[in-house]
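# Turn this into a structure:
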Amino acid sequence: MFDTTNMNIQKRILIIDDDRELVQTIREFLLDEGFTVEIACNGRDGIRLQNSSPFDLIITDIVMPEEDGLEVIMWVKKTYPNTKLIAISGGGYFDSRDYLLMAKELGASIVLCKPFEIKSLTSGVKRLLNIEEPA
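Model prediction:
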């Protein structure tokens with residue numbers, strides 16, 4: 001079996017979401033996979049963290065205070081075009097599918113509607129970061 005743990009440690013992931021419980025759950029799963037994970041509770045803080053030390057992948061919610069996820073996606077695609085993006089949303093004023101469609105059109109590689117299977121997220125993360133999953 002191919003051990004990817006050491007490879008993953010070098011990969012840095014930023015989670016931007018104002019749902020603290022969800023963020024902690026995602027963070028724990030990604031840490032268990034060997035990734036380095038940081039958290040921001042809004043888009044403004046996420047942009048600040050990305051500017052200070054760029055991440056390999058950003059997982060962002062769409063509906064948040066202080067810069068929403070669509071603004072984050074547009075900024076990242078313009079400023080850090082090699083950073084991979086995953087958008088997640090449970091909706092808000094509009095249906096979450098509308099937000100996720102916009103996120104996809106703006107450059108998110110993967111979009112997931114809340115609630116989602118954590119395995120779908122971790123599998124998508126590994127695929128975007130070119131990490132082989134064990135057979």
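# so which strand or helix has I58?
For I58, the host element (DSSP states H and E) is strand 57-61.
# Tell me the strands beside that strand, with direction?
Strand 57-61 has the following strand partners under DSSP bridges: strand 12-16 (parallel), strand 84-89 (parallel).
# Which strand or helix spans R97?
Using DSSP H and E, R97 sits in helix 96-106.
# Pull out the buried residues from that helix.
The neighbour-count check on helix 96-106 (16 or more other C-beta atoms under 10 Å) flags S96, Y99, L100, M102, A103, L106 as buried. Placement of C-beta: from N, CA and C, glycine included.
# Among those, which one lies nearest to I16?
Within the buried residues of helix 96-106, proximity to I16 (C-beta to C-beta) peaks at A103, which comes in at 12.4 Å.
# Can you name the residues that contact the closest one?
Counting by C-beta atoms under 8 Å, 6 or more residues apart in numbering, A103 touches I62, G69, L70, I73, L85, A87, S89, V111.
# G107 too?
By C-beta under 8 Å, 6+ apart, G107 lies in contact with I73, M74, V76, K77, L85.
# Show the buried residues in those.
Neighbour-count burial (16+ other C-beta under 10 Å) applied to these gives I73, V76, L85.
# Quick one: work out the angle between the single longest helix found in the chain and strand 57-61.
Longest helix of the chain, by residue count under DSSP state H: helix 20-32. For helix 20-32 against strand 57-61, the angle by axes from the mean of the first three to the mean of the last three C-alpha atoms, to 10 degrees is 160 degrees.
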